[in-house]
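Student: my questions are about this predicted structure, shown below with the sequence.
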There are 2 protein chains.
Amino acid sequence: MTKRVSIKDIAEKVGVSTALVSYVLNGKEREARVGEEIAKKVRKVAADMNYQPNLIARGLKFGRTKTLGLIVADISNPFFAMLARNIELEAQKNGYTVLFGSSDEQLDKSQNLINTFLNRQVDGLIITPVAGSQSQIEELKTKNVPFVLMDRGFKDVETNVVITDNHDAMYSAVKLLTKNGYRKIGIIAYDTPLTHMQDRIQGYKDALKDAGIRFQSKWLVKVPFQDYKKHVATTIAQLLDATSNAVDALVFATNSISVQALKAIHAKNVRVPDDLGMISFDESDTFEFFYTSITYIKQNLNEISEKAVQSLIKTINSTHPKMLKVVVPSKIVLGQSSNQKKLK
Amino acid sequence: MTKRVSIKDIAEKVGVSTALVSYVLNGKEREARVGEEIAKKVRKVAADMNYQPNLIARGLKFGRTKTLGLIVADISNPFFAMLARNIELEAQKNGYTVLFGSSDEQLDKSQNLINTFLNRQVDGLIITPVAGSQSQIEELKTKNVPFVLMDRGFKDVETNVVITDNHDAMYSAVKLLTKNGYRKIGIIAYDTPLTHMQDRIQGYKDALKDAGIRFQSKWLVKVPFQDYKKHVATTIAQLLDATSNAVDALVFATNSISVQALKAIHAKNVRVPDDLGMISFDESDTFEFFYTSITYIKQNLNEISEKAVQSLIKTINSTHPKMLKVVVPSKIVLGQSSNQKKLK
DNA sequence: TACGTTTGCTTAAACGTATAAGCAATTCTC
DNA sequence: GAGAATTGCTTATACGTTTAAGCAAACGTA
């Protein structure tokens, strides 16, 4: 790579010290009492030589790089890709650039990314934490590294966090089903202690309870992150095959689960909502091609990512930040998959 | 953020110079003739204090940051998100971290991202270039900035580039249709001079020609990036409504176009492939829910991103690199949407 | 004339790292 | 036992930037 022009090059060309050039280019001519003439000349030469500041040098000098680190579960997942996009936009608005990495829900990858980003002196981190990563997060707190958790959090660790109203959203969804006559409502969720899942499951249970329905443990199916596709397929089969005790409605805790479930349901020729009511957490392009429109909970991804960046930047800029929990309201988009249950 | 431990801190604790610490931690004790004892002590203290090197300082020193800049059209588009994921993996394998940004197919955003990344001293750039950005790319060549174009290139600018076999892939697809009895084959593509589109369109035309079919200009519809959804919908209507002269098959030049087209086709109750044969460039999750399986060209995204990173790193590491064009073969995944045309 | 103030610049130090060069003290060589 | 070679460390400098401090020269005031 051809050497870029530095302040030194300008200084030599004009015949002044680098200090003077720096003052001028930073608009500090007043404080530094730089002469009108010479200032003009410096600016002209800088423009002519197409000077661009070396942000690495500046980063070293100031101890801040105007860079954020983003750690998501998997950037190729449309959900996280969309968050990433909004984060990019909001970061840019504030003069930040974003480094990214995917943790694959794995502890070691998460730790590696954190280390890599910190070694690169990012000013802060936006993290969708991995199950069991409390100690990693605690360490960030100890080191006073500015960070914000997004999409999920921990019950037992107080942090900056921006999440959807998981409990209430799921509660409303299930309540809608009970109101519409469904009584045996199953849920498929990821098997993780992370709050977003736990809250959704609790919302589901609370809605059942408030509708006077006794929760049955076989209605709750937890699938592992790895191999979830296979597990969802077999789960659907099991939940529907037990003809006598089959569920009459299902809620899916994420859109990835929903898509897989829809495939299985499609293959089994189950009629929605006649044979099976259905609501999804999060949307998917695929819903539009299912023969019935799907009712789903729409998270406000835009607001989540904006708030995450804003919360992080606020933390970066304050000397004694207090931990902030932001809950972003979602809404239900009505389709026909949750229609009033018909009597057979 | 709490101050991180530096080489200086270690030096003070051990009671030696920073130079010695640096030698030891870089495994240069031999060359620097550091005593066995003191080396051990330095390593121990470094480990105890949990020393992590400041890569910003190193970057300033060496003029390389082990960082790559990735500029895609839109990270929230699953196609680019998947590329980003693979690039992340391959970069990591080689010790690089990735900055990313979305150009939105806009010249100014593209230029901004290039500037931002260069000011941050990235070692190289991976770019999906925007239409009309030749001068931006030429400037990179002038400055000897290592870079590689991905997914698309320019006819008139020689660069490192990694692309799919666009012409041949589309040629094969259309040939399949002609072989199966379709004669009036339309194509919907993006309105851009970028090579990936032009090559696909040329492949389409060449296949028609070789099948002895005279291309009709109304069969080729180019939609703008902005507002493409609306344009695709109206296009589908036009192409199918002209009952006497309607097309009997359609190829779509990207998956985003395909998805929109399928929605329109779905809405119009067109039977595929009986009323209309169909092939898509790239796949989509949504295909699985269309009532007919869709024939599509499957790009090898994995190989594209790997090759892009490798090509870039090779350029970074060589003093007088030569421009390399890599064409990655795709394959056709057969569905029923391109089945032998039935006589009516 | 003498002294204080203002003007316009330079010098020096710092951020954290790497490494060439230098300098004693010790050991080797004959 | 004197010079050469080796050992084990430190000093100095550099990367590109910022900014406090310093220093002449010019100017103002009595």
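Tutor: Structure received.

Student: local confidence estimate at the residue in the stretch 201-344 of chain A positioned nearest to DNA strand D?
Tutor: Closest to DNA strand D within the stretch 201-344 of chain A is A:Asn317: 15.8 Å, counting by CB to the nearest atom of the strand. Every residue, glycine included, has its C-beta placed from N, CA and C. With respect to pLDDT, A:Asn317 has a value of 94.

Student: same check, this time on A:Asn144
Tutor: Confidence at A:Asn144, expressed as pLDDT, is 94.

Student: try A:Lys344
Tutor: Looking at A:Lys344, the pLDDT reads 66.

Student: ramachandran coordinates for the closest residue to chain B within the stretch 201-344 of chain A?
Tutor: The stretch 201-344 of chain A approaches chain B most closely through A:Phe289 (3.7 Å), counting by CB to the nearest CB. Backbone dihedrals for A:Phe289, given as degrees, to the nearest 10, come out at phi -100, psi 0.

Student: chain neighbours aside, what residue packs nearest to it?
Tutor: Nearest residue to A:Phe289 in three dimensions, chain neighbours excluded: B:Phe289, at 3.7 Å (CB to CB, 6 or more residues apart in numbering or on different chains).

Student: all helices for chain A, in order.
Tutor: Remark: helices assigned in chain A by DSSP state H are A:7-14, A:18-25, A:29-32, A:36-48, A:55-62, A:78-93, A:107-119, A:134-142, A:166-179, A:195-210, A:228-241, A:255-268, A:301-317.

Student: export those helices to a markdown table and tack on mean neighbour count?
Tutor: Shown next, in a markdown table, are these (neighbours: other CB atoms under 10 Å in any protein chain shown):
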| stretch | mean neighbour count |
| --- | --- |
| helix A:7-14 | 17 |
| helix A:18-25 | 19 |
| helix A:29-32 | 12 |
| helix A:36-48 | 15 |
| helix A:55-62 | 18 |
| helix A:78-93 | 22 |
| helix A:107-119 | 18 |
| helix A:134-142 | 15 |
| helix A:166-179 | 21 |
| helix A:195-210 | 20 |
| helix A:228-241 | 17 |
| helix A:255-268 | 20 |
| helix A:301-317 | 21 |
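
Student: and B:Thr192, which of those helices is closest to it?
Tutor: Evaluated over the helices of chain A, closeness to B:Thr192 peaks at helix A:78-93, with 21.0 Å, by CB to CB.

Student: anything in that closest one near chain B?
Tutor: Yes: contact of helix A:78-93 with chain B (CB under 8 Å from any CB of the partner chain) involves A:78, A:81-82, A:84-85, A:88, A:92.

Student: repeat for stretch A:305-313
Tutor: No: residues of stretch A:305-313 contacting chain B under CB under 8 Å from any CB: none, with a closest distance of 10.7 Å.

Student: surely A:Ser172 and A:Ile332 touch.
Tutor: Yes: assessed by CB atoms under 8 Å, A:Ser172 is found in contact with A:Ile332 at 6.0 Å.

Student: find residues that contact each of these two.
Tutor: Contact criterion CB atoms under 8 Å, 6 or more residues apart in numbering or on different chains; residues bridging A:Ser172 and A:Ile332 by contacting each: A:Ile297.

Student: if we can go back for a sec, and the residue of the stretch 201-344 of chain A closest to chain B, what does it touch?
Tutor: With contact taken as CB under 8 Å, 6+ apart, A:Phe289 is in contact with B:262-263, B:266, B:286, B:289-290.

Student: among those residues, which one lies nearest to B:Leu60?
Tutor: Top of the list for closeness to B:Leu60, among those and by CB to CB, is B:Thr286 at 47.9 Å.

Student: how many neighbours does that closest one have?
Tutor: By the criterion of other CB atoms under 10 Å in any protein chain shown, B:Thr286 has 21 neighbours.

Student: contacting residues for it?
Tutor: Residues near B:Thr286 by CB under 8 Å, 6+ apart: A:285-286, A:288-289, B:259, B:262.

Student: same deal with A:Ile265?
Tutor: A:236, A:272, A:276, A:278.

Student: what's the answer for A:Pro129, then?
Tutor: A:110, A:136-137, A:149, A:152-154, A:194.

Student: roughly how far apart are it and chain B?
Tutor: Separation of A:Pro129 from chain B (CB to the nearest CB, to the nearest Å): 19 Å.

Student: same check, this time on A:Thr116
Tutor: Taken as CB to the nearest CB, the span from A:Thr116 to chain B is 6 Å.

Student: which residue packs closest to that residue, ignoring adjacent ones?
Tutor: Nearest to A:Thr116 is B:Thr97, by CB to CB, 6+ apart, at 5.8 Å.

Student: I'd guessed the one you found sits against A:Asn112; true?
Tutor: No: assessed by CB under 8 Å, B:Thr97 is found out of contact with A:Asn112, at 10.7 Å.

Student: circling back: ok, the contacts of B:Thr286 vs A:Val223, which is closest?
Tutor: Relative to A:Val223, the closest of the contacts of B:Thr286 is A:Thr286; by CB to CB it sits at 18.4 Å.

Student: hmm, back to that, give me the number of residues near the residue nearest to A:Thr116?
Tutor: If you count neighbours by other CB under 10 Å, B:Thr97 ends up with 23.

Student: cool, and A:Lys298?
Tutor: As a burial measure, A:Lys298 scores 15 neighbours (other CB under 10 Å).

Student: and for A:Val5?
Tutor: Using other CB under 10 Å, A:Val5 is surrounded by 17 other residues.

Student: do A:Asn54 as well
Tutor: 20.
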